[in-house]
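1. Test case, fold it:
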Amino acid sequence: MKSIEGRDSDIIMTPAGDFIVVEFFVILFEYIQGVDQFQVIQERNDLLTIKIVKNQQFTERDLNHIKNEIQKKAGFDVEIKIEIVNEIPLSGRSGKRRFVISKVPLSL
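-> Modelled structure (predicted):
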């Protein structure tokens, strides 16, 4: 079995038992010029909330691309909610912005 590096809370586990690591999301959003910031929050195994701080270059096409790529990776049994927000707060102690927050415990 391959080991998983990083915090458990930085890894998304799909209902099928697959893992999505933070790098998937970083690469996805890296080339979308209309997105200034993003954060993925997994509240339940079958629900991802994607928070996006957009800029003037953001288009409906970007929105569809983001949703489609995440849906393909997470599975079609996962609900994906996209929220356009004005800002994404920094996390408590570290003072950094976390890209992925999973509130679902990993079961290996």
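2. Please enumerate the strands of this protein.
-> Assigned by DSSP state E, the chain shows strands spanning 11-13, 19-21, 35-44, 47-54, 79-84, 100-102.
3. quick one, which of these is nearest to F29?
-> strand 35-44 (4.9 Å; C-beta to C-beta). C-beta here means a position set from N, CA and C on the backbone, and glycine is covered the same way.
4. buried set for the closest one?
-> Neighbour counts over strand 35-44 (16 or more other C-beta atoms under 10 Å) mark 35, 38-42 as buried.
5. relative orientation of it and strand 47-54 in degrees?
-> Interaxial angle, strand 35-44 versus strand 47-54 (axes from the mean of the first three to the mean of the last three C-alpha atoms, to 10 degrees): 170 degrees.
6. If you count contacts, what does strand 35-44 end up packed against?
-> In terms of contacts (3 or more C-beta pairs under 8 Å, 6 or more residues apart in numbering; DSSP states H and E), strand 35-44 is packed against strand 11-13, helix 22-30, strand 47-54, helix 60-74, strand 100-102.
7. Low-confidence ranges, this structure, go.
-> 1-9, 92, 107-108 (pLDDT under 70).
8. Pull up the gap between the most centrally placed residue in it and Q56, please.
-> Residue closest to the mean C-alpha point of the chain, counted by C-alpha atoms, centre = their mean, is V40 at 2.9 Å. Computed as C-beta to C-beta, to the nearest Å, the V40 to Q56 distance reads 23 Å.
9. With Q71 instead?
-> 26 Å.
10. out of those two, which sits in the busier spot?
-> Ranked by neighbour count (other C-beta atoms under 10 Å), Q71 and Q56 place Q71 first, with 15 against 7.
11. how near is that one to R97?
-> Q71 is 24 Å from R97, by C-beta to C-beta.
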